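>>> Here is a sequence with its predicted model. Questions after.
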Amino acid sequence: GLTEDALATRLLQLEAQLDAGIDRGRESATAAARGERSANLAIRLHARVLSARLELTAGQPTAGLAHVRRGLDDLARFRAKFGSQDLQSGAAIHGRELAALGLRTAVETGSPAAILQWLERSRAVTTRLPAVRPPSDPALAADLGSLRVACDRARQAALDGRRDPVLEHRVSELRHRIRSRSWTAGGSGTVDPAHAVRGAAGRASGYQRARPVPRNRPRSRVGDHRPTRRPRAAR
């Protein structure tokens, strides 16, 4: 039925409450946890965003960043497995939210290592998604178009209180066929984790600002240096 729609609506309600500064504690955490177990990637990522926000609001940045990492890892595995542009682009929205949340949290810590790490993760999310283009397989493109129409009609029938079993069977059939074709139109097959930045982070954390020259100390200019005479050896 409309179980996924109900869960997505509950997450939107929770997001609105957080935006308004309302945190219902265990009730909010339970709703976010339900979303994390969804079969729908977009719902899972949205739930991770909200779970991270709940932890950060409670003053738990480590737990909040853990939710962000799990969400981004989930997105990376999904991209490596599926080549469907529709599926990938739909999930990228919440992926950008997760990356931005992680970067903001890292900036607040003031740690150069954390900032560099989350800069890399943010870049990976925003630049590694291929441009959205129609599938190269004409049959797959036709099935995707048919699925959109069938889904809209079946959903409207359910909202009107008169579910159409024929349409719902058509949706299930098209999804199965598209899923089967997606295996032949796979993604890159690789998961690109954030690059190690320990060396750069260490150099950044050990960086010291140049000391200003005192005002009463004469500054040398180009051409002012004269060769120093070496003392003559005693005979």
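Everything's here; your move.

>>> The residue nearest to R37 when sequence neighbours are not counted and A76: what is the separation?
Nearest non-adjacent residue to R37, counting by CB to CB, 6 or more residues apart in numbering: R44, 7.7 Å away. Where C-beta positions appear, they are placed from N, C-alpha and C, glycine not excepted. Separation of R44 from A76 (CB to CB, to the nearest Å) stands at 13 Å.

>>> same question, L147
From L147 to A76 the distance is 25 Å (CB to CB).

>>> Same question for A100.
The value you get for A100 to A76, if CB to CB is used, is 17 Å.

>>> out of those two, which sits in the more crowded spot?
Using other CB atoms under 10 Å, the more surrounded residue of A100 and A76 is A76, with 20 against 16.

>>> distance of the more buried one from L98?
From A76 to L98 the distance is 11 Å (CB to CB).

>>> I'd guessed T57 sits against D23; true?
Yes. Using CB atoms under 8 Å, T57 is in contact with D23, at 5.9 Å.

>>> Return the set of buried residues in the helix or strand hosting the residue nearest to R37.
Secondary structure assigned from DSSP states H and E places R44 in helix 41-57. For helix 41-57, the neighbour count (16 or more other CB atoms under 10 Å) marks 41-56 as buried.

>>> so what secondary structure elements neighbour that helix?
helix 3-19, helix 26-36, helix 61-81, helix 85-109 (3 or more CB pairs under 8 Å, 6 or more residues apart in numbering; DSSP states H and E).

>>> now these in a markdown table, with mean pLDDT?
Formatted as a markdown table, the helices and strands packed on helix 41-57 follow (pLDDT from 0 to 100):
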| stretch | mean pLDDT |
| --- | --- |
| helix 3-19 | 88 |
| helix 26-36 | 84 |
| helix 61-81 | 86 |
| helix 85-109 | 78 |
